[in-house]
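Visitor: just the structure for this:
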Amino acid sequence: MLSLESTMLVEDIIKRLDATPATIRRDLTFLEKTGAIMRTRGAAKIVNPFPTRNVMFSSEKLAIAKYAAELVDDGMSIIMDSGTTTLALANQLVNKANLSVVTNSVAIVNAFANTDVSTTITGGYLAHRQQAVIGPDAEEFMKKIHAPLLFLSTTGIRHPDGLTCVSPFQASIKKAMIQSASKKILLADSSKFDVSGMVLFAKFEELDMIITSKPIKDKELKKHLAELNVEVVVAG
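Guide: As a prediction, the model looks like this:
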């Protein structure tokens, strides 16, 4: 959470993690000794970001997550794809009432572990590096699910084709999620528009909305999305 939000009040950390004050203060003491954070009166501030994908473009991911969280009402059922920006969204949803989430992300499940959010994870094979569950079992599980809202992630955006990822296994579970949701929202920081994965998993017309962090530079892509009635929101 600190890698995404930079500075947090200790009392907010205690509340969001649903842990005892003694446990949180002990963990903060450990992080301070490693040089990862600096503690001030009643707060903690990150110093050396943790070496994970979560901190790349973290301010952009946080802005996207905060905007996306406003689209989620209490009592909703949603599907959440695995990814660092969807994980940032999960951290913004921990206090939602009567929220039900279906995901293939181990990290998102952990984010909701000590909350009242009803969380279901798909079965299947664990892709360790991505902390995501993939494979035929996960896809079959998604066929039994329907939700009004899907928050989707992507490795890259390839114009004019669509959304890409790094493997056919990831592509298959993402396709299954798209089929299981009424409204499909892509969460994509600005870096996603400069890279492209090997495998195409969705065309632009399958999306309803893209929430990103900076205006899209590619004029042809902007025009194409407008023609397809894909709403583009710049958060932050």
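Visitor: host element of the residue lying closest to Asp208 once chain neighbours are set aside?
Guide: Once flanking residues are discounted, Asp208 sits nearest to Lys183: 4.9 Å by CB to CB, 6 or more residues apart in numbering. Bear in mind the C-beta positions are built from the backbone N, C-alpha and C, glycine included. Using DSSP states H and E, Lys183 maps to strand 181-188.
Visitor: which elements pack onto that strand?
Guide: helix 58-69, helix 84-92, strand 147-152, strand 209-212 (3 or more CB pairs under 8 Å, 6 or more residues apart in numbering; DSSP states H and E).
Visitor: could you redo the last one with a cut-off of 10 Å?
Guide: With contacts defined as 3 or more CB pairs under 10 Å, 6 or more residues apart in numbering; DSSP states H and E, the packing partners of strand 181-188 are helix 58-69, strand 77-80, helix 84-92, strand 147-152, strand 156-158, strand 209-212, strand 231-234.
Visitor: and of the ones you listed, who's closest to Val102?
Guide: strand 77-80 (5.0 Å; CB to CB).
Visitor: quick one: the spatially most central residue of the chain from Lys175, how far?
Guide: The structure's the chain has its C-alpha centroid closest to Thr86; by CA atoms, centre = their mean the separation is 0.6 Å. In this view, Thr86 and Lys175 are 16 Å apart by CB to CB, to the nearest Å.
Visitor: cool, Ala113 as well?
Guide: From Ala113 to Lys175 the distance is 28 Å (CB to CB).
Visitor: neighbours of the closest residue to Gly75 other than its chain neighbours, how many?
Guide: Distances taken as CB to CB, 6+ apart place Asn98 nearest to Gly75, at 4.3 Å, with adjacent residues excluded. A count of nearby residues for Asn98, using other CB atoms under 10 Å, gives 12.
Visitor: swap in Met198?
Guide: Burial of Met198 is recorded as 12 neighbouring residues (other CB under 10 Å).
Visitor: now do the contacts for it.
Guide: For Met198, the contacting residues are 155-156, 164-168, 171, by CB atoms under 10 Å, 6 or more residues apart in numbering.
Visitor: just those: which are in strands?
Guide: Among the contacts of Met198, the members falling in strands are 156, 164-165 (criterion: DSSP state E).
Visitor: which one of these is nearest Leu149?
Guide: After measuring these against Leu149 - CB to CB - the closest member comes out as Cys165, at 20.5 Å.
Visitor: so what pairs up with the closest one in the strands?
Guide: Counting by DSSP bridges, Cys165 forms beta bridges with Val199.
Visitor: ok, the residue nearest to Asp208 touching Val230?
Guide: No. Counting by CB atoms under 10 Å, Lys183 stays clear of Val230, with 11.6 Å between them.
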